[in-house]
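Trainee: Sequence unavailable; structure follows:
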């Protein structure tokens, strides 16, 4: 048998590896871990309004965290970093989840108004709770798995508003410190799951750029553990 | 006035149609020149008959009632051809070499690269066991990719039985095994790690073996790397892969093949070798296939079989991307 890297030598992928970098709450720690694995992130940290940054050996593409699975699934980015909440909410997106990076830890919770009984009361009297959320699929799956009916109200903006003015009995939302809940007189009723940042890869890139993807995964694993 | 068509379907105009026809002719020429005769089957079938081949397609198939009969639109061509081989072609001299160029339908959420109606181009080789049968199919696939001008395309070669057998060896059965295989199929490594840790009876070392195996992909050297991880199931799978790979080398078509121990296809009928096709210009797989030695038996004829199918529209897009890239240089 020959011992060349068959297949791969043919593939000759184009250009440097493209990584989808989430803007927003995960950006800081994403850039920190990329620094640790030797990626130059100084330009992204600057006040440039560019979206694409060429560094030695890698192209950084910045975007909303919820767009990361879209770009990675289509192969427009080879790899990416985004929250587990995003991956669960878009679970039909075919991306390979390679690594739990450990940062960006937060909880998906069911919350209601402090001292307010409407969640339980709706459940008892109507057999159905009205739940406002930005995470429709996660919420649906959670209540289905626990055998309860809900009326799902999908909102885009500040979901805390919904129970305060009577749009919903409770909310399903992501909580990091709990301060927003506190400030809006809301409290956690149930923990649904814990989310952290994940490293994902496009299916074809994982096959055709195996060496690069594996090397980056190994470095990130080490950086995340350290 | 607007006259819409459903999302995930499309009209094709003459200019594109000419290109598609050229591609179709090139592929069919390859198939026919290697002795594969084109067949056609109905787009609508009895749901119950298709389900004999693969009950799991029920989730994606379009189904509807016709005077009390449940009908389904075919979601691939492999099952209808298995039905055909076991009915009108039963008793014919084997091996049977059949090919097709046909639309299939899946009730998916349309997005980039995924249509509800799409054309598949492929072959089925019925009655020729591994490794010869597998190698012949890869040889035809290789020629088809050449004919399409995709000289950078790569064929992934894996083994569908590896993890089932490995987990049986570890003493994991039933639901736990299915959910681990599910994680492997979607390549959710974080979930896989958690799942393996949660199952009683799997040692840390066995869990690590499972994860390490799923990451092995490359040239023939990965077979040695896999063997080093040990176990009877790994030994059997690598022996099957090596046999196939050596046959591919003998035929001079191993060059394009990437051995991939992490490969798992989600269709229920595969056994032994499985194939996937990639091109660096496209983020989606171009097609796939493999062996399904148990499929014909479900239709009452016990014959080994293998085949592949390419998503014609994706091959066309890859052609376009490759020629754009060629011009860009």
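Mentor: Received, thanks. Here the structure is a predicted model, which is why all the values come from computation and not from measurement.

Trainee: Going along the chain, name the strands of the chain.
Mentor: Using chain A. Listed from the start of the chain, chain A has strands (DSSP state E) covering A:17-22, A:52-55, A:58-63, A:79-83, A:96-100, A:106-113, A:129-133, A:150-154, A:170-175, A:186-195, A:197-201.

Trainee: ah, no, chain B please
Mentor: Applying DSSP E to chain B gives strands spanning B:37-38, B:44-46, B:63-66, B:69-73, B:96-105, B:117-126, B:154-159, B:217-218, B:257-260, B:273-278, B:287-291, B:305-311.

Trainee: can you pull the buried residues of the second one?
Mentor: Meaning strand B:44-46. B:44-45 (16 or more other Cβ atoms under 10 Å in any protein chain shown). C-beta coordinates here come from the backbone N, C-alpha and C atoms, glycine included.

Trainee: now for the strands of chain B, which one comes closest to chain A?
Mentor: Nearest of these to chain A, taken as Cβ to the nearest Cβ: strand B:257-260 at 3.2 Å.

Trainee: what separates the closest residue to residue B:80 other than its chain neighbours from residue B:9, distance-wise?
Mentor: Nearest in space to residue B:80, with sequence neighbours left out and distances taken as Cβ to Cβ, 6 or more residues apart in numbering or on different chains, is residue B:41 at 4.1 Å. As for residue B:41, its distance to residue B:9 is 20 Å (criterion: Cβ to Cβ, to the nearest Å).

Trainee: More neighbours: those two, which one.
Mentor: For residue B:41 versus residue B:9, neighbours defined as other Cβ atoms under 10 Å in any protein chain shown are more numerous around residue B:41 (15 against 12).

Trainee: show me the contacts for that one.
Mentor: Contact criterion Cβ atoms under 8 Å, 6 or more residues apart in numbering or on different chains gives B:74, B:77, B:80-81, B:83-84, B:100, B:102 as the residues in contact with residue B:41.

Trainee: Nearest to residue A:103, out of the strands of chain B?
Mentor: For these, proximity to residue A:103 was assessed by Cβ to Cβ; strand B:217-218 is nearest, at 28.3 Å.

Trainee: The closest one - contacts with which helices or strands?
Mentor: Under the contact criterion of 3 or more Cβ pairs under 8 Å, 6 or more residues apart in numbering or on different chains; DSSP states H and E, strand B:217-218 touches strand B:257-260.

Trainee: So which of the contacts of residue B:41 wins on neighbours?
Mentor: Ranked by the number of neighbours (other Cβ under 10 Å), these place residue B:81 first, at 28 neighbours.

Trainee: Just list whatever residues bridge to the nearest residue to that residue once chain neighbours are set aside.
Mentor: Leaving out its chain neighbours, the residue that sits closest to residue B:81 by Cβ to Cβ, 6+ apart is residue B:124, at 5.0 Å. According to DSSP bridges, residue B:98, residue B:307 are recorded as the beta-bridge partners of residue B:124.

Trainee: I figured residue B:124 hits residue B:79, correct?
Mentor: No - no contact is recorded between residue B:124 and residue B:79 when judged using Cβ atoms under 8 Å, the distance being 10.5 Å.

Trainee: quick one, phi psi at the residue of the stretch 201-329 of chain B found nearest chain A?
Mentor: Closest contact between the stretch 201-329 of chain B and chain A, by Cβ to the nearest Cβ, is at residue B:283 (1.6 Å). Recorded main-chain torsions at residue B:283 are phi -80, psi -10, according to degrees, to the nearest 10.

Trainee: contacting residues around it?
Mentor: Shown in contact with residue B:283 (Cβ under 8 Å, 6+ apart): A:73-76, A:202-205, B:113.

Trainee: Quick one: which of the residues you listed is the most crowded by neighbours?
Mentor: Within the contacts of residue B:283, neighbour counts (other Cβ under 10 Å) peak at residue A:202, which reaches 27 neighbours.

Trainee: and the most centrally placed residue in chain A, what is it in contact with?
Mentor: By Cα atoms, centre = their mean, chain A has its centre lying nearest to residue A:83, at 1.9 Å. Shown in contact with residue A:83 (Cβ under 8 Å, 6+ apart): A:22, A:26, A:65, A:104, A:106, A:174, A:195-198.

Trainee: which one among those gets closest to residue B:197?
Mentor: Scanning the contacts of residue A:83 for proximity to residue B:197, where the rule is Cβ to Cβ, the winner is residue A:196, at 16.3 Å.

Trainee: Just give the nearest non-adjacent residue to that closest one, would you?
Mentor: Counting by Cβ to Cβ, 6+ apart, residue A:105 is the residue found nearest to residue A:196 once chain neighbours are left out, at 5.1 Å.

Trainee: Where does chain A get nearest to chain B, which residue?
Mentor: For chain A, the residue positioned closest to chain B under Cβ to the nearest Cβ is residue A:75, at a distance of 1.6 Å.

Trainee: What separation do you get for residue B:155 and residue A:121?
Mentor: Applying Cβ to Cβ to residue B:155 and residue A:121 gives a distance of 60 Å.

Trainee: Quick check on the two: which one has the bigger neighbour count.
Mentor: Comparing residue B:155 with residue A:121 by other Cβ under 10 Å, the one with more neighbours is residue B:155, at 28 against 12.

Trainee: Tell me what the more buried one is bridged to.
Mentor: For residue B:155, the beta-bridge partners are residue B:257, residue B:277 (DSSP bridges).

Trainee: close enough to count as contact, it and residue B:259?
Mentor: No - when contacts are counted by Cβ under 8 Å, residue B:155 is not listed as touching residue B:259 (10.1 Å).

Trainee: Now for residue B:145: which residues touch it?
Mentor: If you count contacts by Cβ under 8 Å, 6+ apart, then residue B:145 has B:151, B:153, B:155, B:256, B:277 around it.

Trainee: burial of the first one, as a residue count?
Mentor: The number of residues packed near residue B:151 is 12, by other Cβ under 10 Å.

Trainee: swap in residue B:11?
Mentor: Residues lying near residue B:11 (other Cβ under 10 Å) number 7.

Trainee: quick one, what contacts it?
Mentor: Contact partners of residue B:11, counting by Cβ under 8 Å, 6+ apart, are residue B:5.

Trainee: Look up how far residue B:312 lies from it.
Mentor: Using Cβ to Cβ, residue B:11 is found at 16 Å from residue B:312.

Trainee: Any regions of chain A where pLDDT drops low?
Mentor: Under the criterion pLDDT under 70, the flagged ranges of chain A are A:1-13.

Trainee: Quickly list the domain ranges of it.
Mentor: Domains of chain A are assigned by automatic domain parsing as A:8-105+A:196-225, A:106-194.

Trainee: most packed of these?
Mentor: By mean neighbour count, with neighbours taken as mean count of other Cβ atoms under 10 Å in any protein chain shown, domain A:8-105+A:196-225 ranks first of the domains of chain A at a mean of 19.

Trainee: any idea how far chain A is from residue B:15?
Mentor: Using Cβ to the nearest Cβ, to the nearest Å, one gets 25 Å for the distance from residue B:15 to chain A.

Trainee: what's the neighbour count on that residue?
Mentor: Other residues near residue B:15 come to 8 when the count uses other Cβ under 10 Å.

Trainee: residue contacts, it?
Mentor: If you count contacts by Cβ under 8 Å, 6+ apart, residue B:15 has none.

Trainee: How many residues are close by residue B:98?
Mentor: Neighbours of residue B:98 under the rule other Cβ under 10 Å: 22.

Trainee: Hmm, it is touching residue B:39, no?
Mentor: Yes - the criterion here is Cβ under 8 Å, and residue B:98 meets it with residue B:39 at 5.1 Å.

Trainee: Which neighbours do the two have in common?
Mentor: Once Cβ under 8 Å, 6+ apart is applied, the residues that residue B:98 and residue B:39 both contact turn out to be B:81, B:84.

Trainee: Return the distance of stretch A:116-135 from the chain's centre.
Mentor: For stretch A:116-135, the separation from the chain centroid amounts to 27 Å (computed by Cα atoms, centre = their mean, to the nearest Å).

Trainee: Repeat that for stretch A:169-183.
Mentor: Using Cα atoms, centre = their mean, the offset of stretch A:169-183 from its chain centre is 17 Å.
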